[in-house]
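A.B. asks: just a sequence and a predicted model for now, questions to come.
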Amino acid sequence: MVQTASLHEEVVGRIRDMIVEGELLAGSHVTERAICEKLGISRTPLREAYKVLAAEGLLTLLPNRGVVVSRLTQQDVEDILEMIALLEGMAVDRLCARASEDEIAAIERLHGEMVEHFRRGERLEYFKANQAVHEAIVAAARSPQLAKVHRGLGARVRRFRFAGNVDPARWERAVREHEQILLAIKDRDAHLLQALIRTHLRNGWKIVRRQNRDELAPPLEVEPVPEPIGRRRRRKAEIA
């Protein structure tokens, strides 16, 4: 049962984990009664949690139709990951120029925790430490607005980034990539850092795309915009 001392944060965190781990599948309806019984809570804190997770892009609130786990298209995920790579690229430029030795040491400690979870095979704990590393890198840029946008985008693709470590070979490789990233941070090599982070994200996406074909929605088909009548008439006259 969720403890009342930190009820709001706990409920948000528990539901977020259920989405990340695939217990609540993309496109599925979230049943209030089932969640309330599972977490031992009333509907009021649950509905407040829904608002937070909807703002993160993990849930979609449908008027008079309940709550659905958000479903992204393949293009959505690719675009968001590209934006995350750009933001982290901006961050490392500033990190290398501005970060204190204490901030870099904090990133190294988080990296150590992440590696320990990897050695124990603790996927969810590893993932949370991994995200903490990426957020600490951006935080060290000392740009609150950049960090806010980065967190928001990261939340939307959290489920897919977690799935990227299902493959044992990819998981091990991801850890090696993070070790290279840490060394570049300690050397304050911004150019190398940008390349390493972009490669790291792209390598993870390759695995995610293959493993989540059924979960990722196909791109929406866009209907062609009708030509104005006058233009259609001119085109027909030219053909004739």
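C.D. replies: Sure, I can see it.

A.B. asks: now do the helices in this protein.
C.D. replies: With helices called from DSSP state H, the chain shows them at 7-20, 32-39, 43-55, 74-98, 101-120, 123-139, 144-156, 158-163, 168-187, 190-211, 229-239.

A.B. asks: tell me the most buried of those?
C.D. replies: Per residue and on average, the most neighbours among the helices of the chain fall to helix 158-163, with a mean of 22 (mean count of other CB atoms under 10 Å). (C-beta placed from N, C-alpha, C; glycine too.)

A.B. asks: what average pLDDT does it get?
C.D. replies: Across helix 158-163, the average pLDDT comes to 80.

A.B. asks: repeat that for stretch 179-196.
C.D. replies: Mean per-residue pLDDT for stretch 179-196: 95.

A.B. asks: circling back to that earlier point, between the helices of the chain, which one is nearest to G66?
C.D. replies: Closest approach to G66 among these (CB to CB): helix 32-39, 7.8 Å.

A.B. asks: quick one, that closest one and helix 43-55 angle?
C.D. replies: Our comparison of helix 32-39 with helix 43-55, counting by axes from the mean of the first three to the mean of the last three CA atoms, to 10 degrees, yields an angle of 100 degrees.

A.B. asks: what residues does helix 32-39 touch?
C.D. replies: For helix 32-39, contacts defined as CB atoms under 8 Å, 6 or more residues apart in numbering pick out 1-2, 11, 14-15, 42-43, 46-47, 66-67.

A.B. asks: farthest-apart pair in the residues you listed, please.
C.D. replies: Across the contacts of helix 32-39, no pair lies farther apart than M1 and G66, at 24.1 Å, counting by CB to CB.

A.B. asks: and these two? which has more neighbours close in?
C.D. replies: G66 (13 against 7; other CB atoms under 10 Å).

A.B. asks: if that one is in a bridge, with which residues?
C.D. replies: For G66, the beta-bridge partners under DSSP bridges are L62.

A.B. asks: touching, it and V30? I think so.
C.D. replies: Yes: using CB atoms under 8 Å, G66 is in contact with V30, at 7.0 Å.

A.B. asks: what residues are shared contacts of the two?
C.D. replies: The contact sets of G66 and V30 do not overlap (CB under 8 Å, 6+ apart).

A.B. asks: hmm, which helix or strand of this protein has the shakiest average pLDDT?
C.D. replies: Ranking every helix and strand in the chain by mean pLDDT, DSSP states H and E puts helix 229-239 at the bottom, with a mean of 56.
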